[in-house]
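Chemist: Below: sequence and its predicted model.
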There are 2 protein chains.
Amino acid sequence: MPETRRKRRARRSRSSSHTDAGQATAPAYLTRRIPVYEVLGEEGLTLIENNAETVLEEIGIDFKDDPEALDIWRQTGADVQGERVRIPRGFCRQLIREHAPRQFTQHARNPERNVVIGGDHTVLAPAYGSPFVRNLDEGRRYATIDDFQNFVKLAYMSPHLHHSGGTVCEPVDLPVNKRHLDMLYAHMRLSDKPFMGSVTSPERAQDTVDMCKILFGDRYQDPVSGEPRTFTTSLINANSPMTFDATMLGALKVYARNNQACLISPFILAGAMSPVTVAGTATQALAEGLAGIAFSQLVKPGAPVVFGTFASSISMQTGAPTFGTPEPALLLYIMAALSRRLELPFRSGGCFDAAKVADAQAGYEAANSFLPALYAGVNFVLHTAGWLEGGLVMDYEKFIMDCDQAGMAAVLLNGVDLSENGLAMDAIAEVGPGNHFLGCSHTQANFRDAFYRSPIADNNSFEQWQEDGSLDLAQRANAYYKQQLAEYQPPEIDPAIDEALQAFIKQRKAAFPDSNIA
Amino acid sequence: MPETRRKRRARRSRSSSHTDAGQATAPAYLTRRIPVYEVLGEEGLTLIENNAETVLEEIGIDFKDDPEALDIWRQTGADVQGERVRIPRGFCRQLIREHAPRQFTQHARNPERNVVIGGDHTVLAPAYGSPFVRNLDEGRRYATIDDFQNFVKLAYMSPHLHHSGGTVCEPVDLPVNKRHLDMLYAHMRLSDKPFMGSVTSPERAQDTVDMCKILFGDRYQDPVSGEPRTFTTSLINANSPMTFDATMLGALKVYARNNQACLISPFILAGAMSPVTVAGTATQALAEGLAGIAFSQLVKPGAPVVFGTFASSISMQTGAPTFGTPEPALLLYIMAALSRRLELPFRSGGCFDAAKVADAQAGYEAANSFLPALYAGVNFVLHTAGWLEGGLVMDYEKFIMDCDQAGMAAVLLNGVDLSENGLAMDAIAEVGPGNHFLGCSHTQANFRDAFYRSPIADNNSFEQWQEDGSLDLAQRANAYYKQQLAEYQPPEIDPAIDEALQAFIKQRKAAFPDSNIA
């Protein structure tokens, strides 16, 4: 499909929707113009780095049920005993800094929505992986493919999310071994933003790659390098502590060999899967990340990769994960700094909470989780929107609330305008002591874009709020998401590509029986 | 009252309460061990400082209805035309850096609760000034002196608030011209934490000083300097743009001459009372702060003073103030940095929101307002707890929620433990790949204090939450505040002092007729 035709379509698609989606001014991703925040200096970070090297060298990392992975490590001169791999000091760091890209472009169906992951950039993606959904009307129930499609549509329509995500919820009405095909099709057909691939088996990772080949056609390969372009960024969790399993390693190998990106993330509930201290957890997470990322570079030097952490603490009374508390924020700042020192893109953060409903707890905890991701300089924020109940639930109303927070993130990261207009000395002189700025020419020229405007926050008078029905934020978000879904229009797609995708899915589904064994 | 006797009482008071209040480990104030965050560098800050000097020199500041203030300015060589004062470049900055203290101690009835304001320290105080209160049972209604007393009790019992605040709500059931006496008495009798004085007239400021003389007795005067100790920190708002009125100036003069501290705060809703841009608002707020603080140092060189800003933006559609948006956070970082360059303690921040109920909007906005105050290095956080509806409402449930956030603030500011125990290499070695940390000796030794524990957040399973009644955060906070009030026990007071305070109040109330004209 020639570039001009695609562009025309993208334009048409935008103008056909009267919603915010695809508005000309919405950036495809964010570029930060404010400094990153760090809690530790050189000395503290070096201490943790040295300890992580000690973990790799003396304690080691398990690569489970994957003889090929052990062979790969053996060839590097690492000490492989059983499935335990002990890696010489500095080996991983050197390999990563030599080969792993500092940033990369993830291509989208709509090229105007390509995102750059790494450097000063931030990409915001929806939440991932919940088996349940919730809304005010139905309460909490298992997620279906309809819900999945709804969240893809809502993410497509939000000008503040840059990414369609991956398993935005688990469509449990579909067989476990085939649902990835329907999920991928939803991302490819109902959105034109970039998306994530399946990681639940190497075969499903290969399906992801094969479907990308169909979807992207002659764009699949970079004509200069001859390599595949990067179309997916997929989530490879370590099994903390210090273990990678065959499922994740298998998916990683497929993606790396096809030049697709992996987010390699220790998934840690501190106190259970790592020490109960911030510095101890950082040490372990760094060791795990170093091993996993180095492995990706051994599989294919230069494969795009993102260092990630998902870490929270647990309630030491009940063992339940907690969110929005200060310890994970401190950890996040450390991990982001460690990632910068590795010159890697970094994934973390999101609007996390342990709340059961989208109440004040959800709000406090989400903001307490999301802001540190912004200040820390996270490049890829998975779980930006919809997360509820420790990730067990994708919540319709909270999705809308979190998208609003994502909109504010763009303003925050954009920093302070120090131009003559930003400094506004003319306005101060024009208005002078004791008067007001509402009517002055500077205000008139700037008020439209002056402040972030939330579509769901209520700033009206109490009396006006009462007249409007005394609705709380969840109730307003409920109306908003329903209106969005009612107004949704899919981006256009080449009918031949759509048919080919559907044919591929049909053929794959017919190739083996349904199964609900993961 | 001899020191030993007072200490014994403080101890008894602590042990007599089974709540968190006054627990031995609760710090009287916080000392930050994490770096401050800044959004602008040297160049940007210098630009704003230079522009603020231009505002002072060329545009000027109005000092209204206070001939003495104009005389004071005239004697400095400032250009006084009518009530407009134009101040030579650099004059205010030099005066402030020569005389204003970098930090000071505000003394409390319980000397163990003295707070240090300035430097690396952070003091958290409740919200201030709302005419309404709200709780789940009664909804929104006008505040009474009973409510005022309740909030003083709740602040006393919270281990996370360091200060009793000032007008925690407006007791509108009492006459305007006498209610300050009852408010002061509540702070003095029902709490032993430090508090704020009345600023609504010079006479009421003098009443505050006189009551402090009674309360603190032979502690009132510092035996070394011969000066009064600082017992109050009172809120002097500028009337932005670029105006101070006689009421505020009158109170300021009383407090400064008695060595009591003033928070000198431009109160700004950007877009109405300042330019619609962050840098323009910062410029104006700095000019206002410089003028007001310099004035305090002209009244009494060395008087304790805090540079403050209260700034939010407005909805440009309705003119209503908005909270928790990114622009005020950016402004806060700038103002805190400007204050550090003046070597002044800084006041700002709080758990702000425009929500009408303690819902998710309240949670998001409060966290989005409070975290920047912590990262910016704010020394005195007024409005930490209870704020609802743009400050019109003091909310019982949100007060409890915000106190919980204040507890998390202490952990955040405490930073990362890099001791051997914090680094936890023994734990990582003991547990090793594939196991869990729950039972390891390091976890056993540390789990009690490992992570912040919220008394109101729900981290249980969905099923447990249902069994507990499916309560949202506001409902849990409702039960919590009622339990706190039921368990409240006042700190002991010398009966003679109590009688003298009551006699003073009786005499003052009899001295002039009730009036509801402010």
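Modeler: In hand now; what should we look at?
Chemist: what separates the helix or strand containing A:Leu338 from the chain centre, distance-wise?
Modeler: Using DSSP states H and E, A:Leu338 maps to helix A:326-341. For helix A:326-341, the distance between its averaged C-alpha position and the chain's averaged C-alpha position is 17 Å (C-alpha atoms, centre = their mean, to the nearest Å).
Chemist: pull the CA atoms of it into CSV?
Modeler: Output in CSV follows, covering the C-alpha atoms of helix A:326-341 (Å, rounded to 0.1, in the frame of the first residue of the first chain):
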residue,chain,number,x,y,z
PRO,A,326,5.9,4.6,49.2
GLU,A,327,8.3,1.6,49.0
PRO,A,328,7.6,0.7,45.4
ALA,A,329,8.0,4.3,44.4
LEU,A,330,11.4,4.4,45.9
LEU,A,331,12.3,1.2,44.1
LEU,A,332,11.0,2.5,40.8
TYR,A,333,13.3,5.5,41.0
ILE,A,334,16.3,3.2,41.6
MET,A,335,15.4,0.8,38.8
ALA,A,336,14.9,3.6,36.3
ALA,A,337,18.3,5.0,37.2
LEU,A,338,19.9,1.6,36.9
SER,A,339,18.3,1.2,33.5
ARG,A,340,19.7,4.5,32.3
ARG,A,341,23.1,3.4,33.4
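Chemist: That one - contacts with which helices or strands?
Modeler: Packing partners of helix A:326-341 (3 or more C-beta pairs under 8 Å, 6 or more residues apart in numbering or on different chains; DSSP states H and E): helix A:42-54, strand A:261-270, helix A:278-299, strand A:310-314, strand A:346-347, helix A:360-376, helix B:396-414. Quick note: C-beta positions are derived from backbone N, CA and C, even for glycine.
Chemist: May I have the distance across stretch A:155-167, first residue to last?
Modeler: Chord length of stretch A:155-167, first to last residue, is 13 Å (C-alpha to C-alpha, to the nearest Å).
Chemist: Quick one: name the residues of the stretch 51-200 of chain A near chain B.
Modeler: A:Asn51, A:Thr54, A:Val55, A:Glu58, A:Ile59, A:Gly60, A:Ile61, A:Asp62, A:Lys64, A:Arg84, A:Arg140 (C-beta under 8 Å from any C-beta of the partner chain).
Chemist: Same check on the stretch 201-350 of chain A?
Modeler: Listed as neighbours of chain B in the stretch 201-350 of chain A under the rule C-beta under 8 Å from any C-beta: A:239, A:241-243, A:270-281, A:283-284, A:313-322, A:324-327, A:329-330, A:334.
Chemist: Pretty sure A:Leu136 sits against A:Arg476.
Modeler: No - with contacts counted by C-beta atoms under 8 Å, A:Leu136 stays clear of A:Arg476, the gap being 10.6 Å.
Chemist: Comparing these two, which shows the higher neighbour count?
Modeler: When A:Leu136 is set against A:Arg476 and neighbours are counted by other C-beta atoms under 10 Å in any protein chain shown, the residue ahead is A:Arg476, at 22 against 17.
Chemist: How about stretch A:27-35 and chain B, any contact?
Modeler: Yes - using C-beta under 8 Å from any C-beta, we find that stretch A:27-35 touches chain B at A:Ile34, A:Pro35.
Chemist: what sits up against that stretch?
Modeler: Residues outside stretch A:27-35 that contact it (C-beta atoms under 8 Å, 6 or more residues apart in numbering or on different chains) are A:108, A:112-116, A:120-124, A:162, A:377, A:409-410, A:412-416, B:37-39, B:330.
Chemist: hmm, try it at 7 Å
Modeler: For stretch A:27-35, the surrounding residues in contact (C-beta atoms under 7 Å, 6 or more residues apart in numbering or on different chains) are A:112-116, A:120-123, A:162, A:377, A:409-410, A:413-415, B:38-39.
Chemist: where's the residue lying closest to A:Leu70 once chain neighbours are set aside relative to B:Asp62, distance?
Modeler: The spatial neighbour of A:Leu70 that comes closest, neighbours along the chain excluded (C-beta to C-beta, 6 or more residues apart in numbering or on different chains), is A:Val80 at 5.3 Å. Counting by C-beta to C-beta, to the nearest Å, the gap between A:Val80 and B:Asp62 amounts to 78 Å.
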